[in-house]
Structure formats: C-alpha cells, structure tokens
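> mind looking at a prediction? Sequence and model below.
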Amino acid sequence: MLDAMQLKKVLAFQKNEITGHLIYKKVASRIKNENNAQAVRRMADAELAHYHFWRNISQVEVKPNRWKVFFYTLMARLLGLTFSIKMSEKGEKVGALEYAEFESVVPGAAQIGRDEEAHEETLVNMLDEEFLSYVGSIVLGLNDALVELTGTLAGLTLALQSSQLVAISGLITGIAAAFSMAASEYLSSRAENNPKAARSALYTGIAYLFTVALLILPYLLIPQGGNGIYISLGITLLIAVLIIFGFNYYLSVAKELNFKKRFLEMFAISMGVAAFSFLVGLLVRTLFGIDV
C-alpha cells in the first residue's frame, strides 16, 4: 500500500510517461525515414506501456502535460528533431534515477528506469539530421560575423558618431564579408572534394547575413541624438551575447558539447575585439580630427 507521498510520486511518473508517449508519437510523424519513424513509434509504445505499469500501481488515470508536448514538438519543428529529443531525454535521465530509488517500493521500477536510459542512446545512433552536418559552416559564419562586425560597429560608433553612417557602413561591410566568407568556404570545401561544398557555402553566407542584420538593427531603430548611438552600440553588444548564448546552448544539447567553455570562449573573443576596436575608433577620431 502506497502512502500519500509515494502515490504522488507514482502519479508524477505516470504523467511523465504519457507525456513522453505523445511527444515520441508526434515526433515520429515528422521523420521521413520510415525505419527511423518506426523505431520512435516503438519508443512511444514503450512509454505507453510504462504508463500502464504505473497506472496499475496507482489505479488512477492521469492526463499528459499538453504544454510540454506542444513545446517539444514545436522545438522539433523550429530547431530539429535531435535538439527536441535530447532536451526531452535530459528529463528522462532524472526519471531513471528516481525509478531506481523506487525499486524497494515497487519491484520492476528500476528496469523501467533502465529502459528510459536506453532511449537516448538508441535515438542518438538513429537520428542523422542534415542540418547538423553543416554546423561547422554555420559556426564559421556566426563566429566571423560576431567578431568582425561587433568590432567594426564599435570602432565606427566612436569614429563617425552617426547611427545612419554606422548602419550603412556596417551593412556594406557585412554583405561584402558574407559573400567573401561564403566564397572562401566553397573553395575550401571544393579543395577537400566535399560534394556538399555549395550547400556549406550557402549555410556560411546565410549565418553571416543573419548575424549582420541583427547587429545593425539597433542603429536603424534607435533615434539619433544625445546618447542614442551609444545605446545602439550597447544593444548591439547585448544581441551579440544573446546570439552567442543561444547558439552555444543549441550545440551543447544537439551535439553534447561543453556549453560553458564554448560560450566563454566566443564571448571573450567577440567582446575583446569590440573593446579593442572601440579604442581604435577613439584613436582615429583623435588623430585625424574626424567630426561628422
């Protein structure tokens, strides 16, 4: 007989299992490879079986967490199946440990926990998203855009003292650099006999242009006058930090990389270049007596 706390725990296990069942079921519907889709559907069936295991213990029906189902299926659409599934599996690792601790109360709970842990390894070996194969090209585009453009905008901000001129200069520089980076990536990939050289170049260029657009946006939206241009610079640097944070978090989940190390590395390089360029802008303005 379960006490009140144990029953509450079992009901939470049930909710997680039926929620996981619906997540896997919806994710499976988005997988084009039929063998992979069947594998995920089998996992959905396993989650449902686990739900019924706990249902027999509690004798209570439990509804799924619809918000969680919506969130993970949305993440699968926006950020890919790998990211969504690995995010979900992080929660299952915690569940597996709790199931093992519950073995003394409910025999068989530990085995269900081991089944949960096996899910992630199966999915990692199964999924092969094309997008993730181009992460190197995307990183190249983002890194270069963040380092070059934050530095350029910081230097131009102090040297020109005009949001409009900084935005135009940054846009021209950014577009030219994006095409240059894409061309360099293409030639580099072709030299390595990469059959996907054109696609790699495209991802590099798009990542660069996307970053350029976000970084110059504050200079176009914030009114000029007073400290407006410095506010624009501050917002641009904040956007750069958010891009660094968001992309590195994505990589830390999808490719299981060290988030803290990569984030701090990109942050230090980008902000360091921006600070140095700001000083260069001050030096140029002072030496050449620029007054725009």
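Received the coordinates, thanks. Numbers count the residues shown, from 1 in each chain.

> low-scoring stretches of the chain, by residue?
1, 89-97, 116-117, 119-133, 136, 285, 288-292 (pLDDT under 70).

> and the helices in it?
For the chain, the helices defined by DSSP state H occupy 4-28, 34-58, 66-79, 81-101, 109-126, 135-160, 163-191, 197-221, 228-254, 259-288.

> list the buried residues of the first one.
So the one you mean is helix 4-28. 9-11, 13-28 (16 or more other C-beta atoms under 10 Å). In short, each C-beta sits where N, CA and C put it, glycine included.

> break this structure into its domains for me.
4-126, 131-288 (automatic domain parsing).

> circling back to that earlier point, of the helices of the chain, which stretch is the most buried?
helix 135-160 (a mean of 23; mean count of other C-beta atoms under 10 Å).

> next, the angle helix 259-288 makes with that helix.
For helix 135-160 against helix 259-288, the angle by axes from the mean of the first three to the mean of the last three C-alpha atoms, to 10 degrees is 30 degrees.

> tell me what helix 135-160 is packed against?
If contacts are counted by 3 or more C-beta pairs under 8 Å, 6 or more residues apart in numbering; DSSP states H and E, helix 135-160 sits against helix 163-191, helix 197-221, helix 228-254, helix 259-288.

> of all the ones you listed, which one is nearest Glu47?
For the helices and strands packed on helix 135-160, proximity to Glu47 was assessed by C-beta to C-beta; helix 228-254 is nearest, at 20.5 Å.

> spatially central, which residue of the chain would that be?
Tyr250 (2.3 Å; C-alpha atoms, centre = their mean).

> not counting sequence-adjacent ones, nearest residue to Ala197?
Spatial nearest neighbour of Ala197, excluding adjacent residues (C-beta to C-beta, 6 or more residues apart in numbering): Ser189 at 3.5 Å.

> which residues sit in contact with that neighbour?
196-197, 200-201 (C-beta atoms under 8 Å, 6 or more residues apart in numbering).

> and with 10 Å instead?
Contacts here follow C-beta atoms under 10 Å, 6 or more residues apart in numbering; on that basis Ser189 touches 136-137, 195-201, 204.
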